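Peer 1: Sequence first, then the predicted structure:
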Amino acid sequence: MSNTEYTNMQIVSAIESIFIQSGDCEYLGEPVTMSEHMLQCALLAEENSDSNELVVAALLHDIGHFTSELGSFAMDDLVDKLHEEAGAQWLAPFFPSVIVDCVRFHVPAKRYLCKTEPEYFAGLSEASVHSLQLQGGPMSDNEVREFEQNPNLDAIVKVRRYDDLAKVAGKETPSLEHYMVKVRQVANDHAENVS
């Protein structure tokens, strides 16, 4: 079943199933699993009193690792697997543009911050440095100017920063169900707004 054949309720169930069935996968050489990383991202947004949309964006930013036909990132990869685009395309019919943009552009945001904040690169993990090289390295001046035109720039950069911080082994977070309540609400609100 392609994502366009899902109903609104089915997409929420599919997201929950991904976490339950695949969330224990290693997170790209980091000391947390995929689900731990994504839950930590959502918690950071919640602790920052961000909107439900941004909390959901933080939770789902890496969903493309599970929906991409190319598979997930590995430290021995020689080409980028474009998980951000796979995730954005999968979510786009069901969620507002700010969530889709945070998913689609959280990788370019790393490239953006490496260009605009010289100290940012020094804080990247080994896995993030490796993937940065596959993703094109720091942005050019022209890419920066174009990226800054995105109306969701602030949200995208926030999610990127949460992504970088959400790698703490053993950190306690609320349950998946705590966040799935927000996922359902945001998806339902979006369905009502587009109908």
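Peer 2: That came in fine, so what should we check first?
Peer 1: Going by C-alpha atoms from here, please, whenever you check contacts or count neighbours.
Peer 2: Noted.
Peer 1: Any stretches of this protein with poor pLDDT?
Peer 2: Residues of the chain meeting the criterion pLDDT under 70: 1-6, 68-81.
Peer 1: For it, which segments are assigned as helices?
Peer 2: If DSSP state H is used as the criterion, the helices of the chain fall at 8-22, 34-47, 52-60, 64-67, 83-91, 97-116, 126-134, 141-147, 153-165, 176-194.
Peer 1: Skip the chain neighbours and tell me the closest residue to the spatially most central residue of the chain.
Peer 2: The chain has residue 61 as the residue nearest its centroid, 1.2 Å off, counting by CA atoms, centre = their mean. Leaving aside its chain neighbours, residue 61 sits nearest to residue 103 (4.4 Å; criterion: CA to CA, 6 or more residues apart in numbering).
Peer 1: do you know how far that neighbour is from residue 51?
Peer 2: 16 Å (CA to CA, to the nearest Å).
Peer 1: Compare these two and say which is more crowded by neighbours.
Peer 2: Taking neighbours as other CA atoms under 10 Å, residue 103 and residue 51 compare with residue 103 leading, 30 against 12.
Peer 1: ok so, going back, the helices of the chain: which one's closest to residue 28?
Peer 2: Closest approach to residue 28 among the helices of the chain is made by helix 126-134 (6.4 Å; CA to CA).
Peer 1: In the closest one, which residues are buried?
Peer 2: 128, 129, 130, 131, 132 (16 or more other CA atoms under 10 Å).
Peer 1: Just want the angle from it to helix 97-116.
Peer 2: 90 degrees (axes from the mean of the first three to the mean of the last three CA atoms, to 10 degrees).
Peer 1: which other helices and strands contact helix 126-134?
Peer 2: For helix 126-134, there is no helix or strand it packs on, judged by 3 or more CA pairs under 8 Å, 6 or more residues apart in numbering; DSSP states H and E.
Peer 1: Number of residues surrounding the nearest residue to residue 163 once chain neighbours are set aside?
Peer 2: With sequence-adjacent residues excluded and distances taken as CA to CA, 6+ apart, residue 163 is closest to residue 41, at 5.9 Å. Neighbours of residue 41 under the rule other CA under 10 Å: 29.
Peer 1: returning to what we had before: ok, so of the buried residues of helix 126-134, who is nearest residue 183?
Peer 2: residue 128 (27.0 Å).
Peer 1: now the spatially closest residue to residue 92 that is not a sequence neighbour: how far from residue 94?
Peer 2: Spatial nearest neighbour of residue 92, excluding adjacent residues (CA to CA, 6+ apart): residue 100 at 5.8 Å. Distance of residue 100 to residue 94, given as CA to CA: 9 Å.
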